[in-house]
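Chemist: Provide a 3D model corresponding to the input given below.
(one chain, ligands or ions: 1)
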Amino acid sequence: MEDLYLTYAKQMRNRYGEKVYKLPVNLPATCPNRDGTRGTGGCIFCGAKGTGFENLSNRLTVREQLEINKKYIGEKYKAKLFVAYFQNFTNTYFPVEIMKRYTKEAAETDGIVELCFATRPDCVGDDILEAIRSEAGDKQVCIELGLQSVNPDTLKIINRGHTLEEYIDAVERIHSYGFTVGTHMILNLPWDNREDCIAGAELVSELGIDTVKAHTLYIEKGTELCRMYEAKEFEICPKEEYIIRAADFIEHLRPDISIQRLASRVPNGDTIFCNWGSGWWKLRDMIEEELRKRGSVQGIKWRK
Ligand code: SF4
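Modeler: Numbering: from 1, shown residues only. Presented below is the predicted three-dimensional model:
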């Protein structure tokens, strides 16, 4: 039976010949959209802890974190190949020499086949990309960019602090270094509609990125988004609308772009709204069911 979409696990198995596991690395990172360089307050949905709730302490070195996580995941899953995943906040927002040190430590750790840095489009200057390339050796590098929406008005409302043009420029420059690109998109932003989600899939397809993470917007306590929600300044669309938008997104996504997730995974204790009270896997199953109902697969409406 034909796969409904290309999973990240399958893409990595095709690339490395066996299953590859991500090992989170927690750097003492901040973000130019929080520290005043680009903006203050950050994206309206961004919580004080960022997204790295599975992380070890950032007082440990990169190598120590990788070795601890490798031992745990390696023994649990008999895993041998790993991606060093720099996930929390903006992981390329460091001086060049520090960036080199982090990259070198990860690249020299046994079993690491790939380095993945989550960051922002305005934090991948050529000096940083050159620093990563010079220390990564023969390891593949993926730069994961938050974009969330292709609608310029929505980007302003969610206070991303960068433009769509900066994202496009970042993707093109990252590719010129031989690195792959991942992109995060939120598919139920209240200021976006179905057409915006389709336009997002078309844009990342045109740009030839490698992998996407599709997220549900969740509302974390203490964020500006939480304040707006409680003040009834917007409503979250119904779950059924999310399923339709996600299926549309997949249909317009080039078939060789892998999908890492189809809904957000967050600890419920920190949120006042998350995934309509469903598990992420239930939303994934509903999206797959919607695709089956449509007789559809990834890329069926990708025009090239
Ligand atoms: S770019 Fe990332 S780390 Fe920075 S404020 Fe936005 S969500 Fe938070």
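Chemist: contact partners for the residue positioned nearest the centre of the chain?
Modeler: Among the residues of the chain, His184 comes closest to the average C-alpha position under CA atoms, centre = their mean, at 4.0 Å. Contacts here follow CB atoms under 8 Å, 6 or more residues apart in numbering; on that basis His184 touches Glu144, Leu145, Gly146, Leu147, Gln148, Val212, Lys213, His215. Every residue, glycine included, has its C-beta placed from N, CA and C.
Chemist: need the phi and psi values for it.
Modeler: phi -100, psi 130 (degrees, to the nearest 10).
Chemist: beta partners of it?
Modeler: Beta-bridge partners recorded for His184 (DSSP bridges): Gly146, Lys213.
Chemist: pLDDT at it, what is it?
Modeler: pLDDT, His184: 98.
Chemist: would you map the helices across the stretch 201-304 of the chain?
Modeler: 224-230, 239-251, 280-294 (DSSP state H, counting those that start in this stretch).
Chemist: buried residues in the last one, which are they?
Modeler: For helix 280-294, the neighbour count (16 or more other CB atoms under 10 Å) marks Trp280, Leu283, Arg284, Met286, Ile287, Glu288, Glu290, Leu291 as buried.
Chemist: would you list those residues in CSV and tack on distance to the ligand and pLDDT?
Modeler: Output for the buried residues of helix 280-294, formatted as CSV (distance: CB to the nearest ligand atom, whole Å; pLDDT from 0 to 100):
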residue, distance to the ligand, pLDDT
Trp280, 19, 95
Leu283, 21, 98
Arg284, 23, 98
Met286, 26, 98
Ile287, 24, 98
Glu288, 28, 98
Glu290, 28, 98
Leu291, 29, 98
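Chemist: dump those to a markdown table, plus distance to Phe82.
Modeler: What follows is the buried residues of helix 280-294, written out as a markdown table (distance: CB to CB, whole Å):
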| residue | distance to Phe82 |
| --- | --- |
| Trp280 | 23 |
| Leu283 | 27 |
| Arg284 | 24 |
| Met286 | 31 |
| Ile287 | 28 |
| Glu288 | 28 |
| Glu290 | 33 |
| Leu291 | 31 |
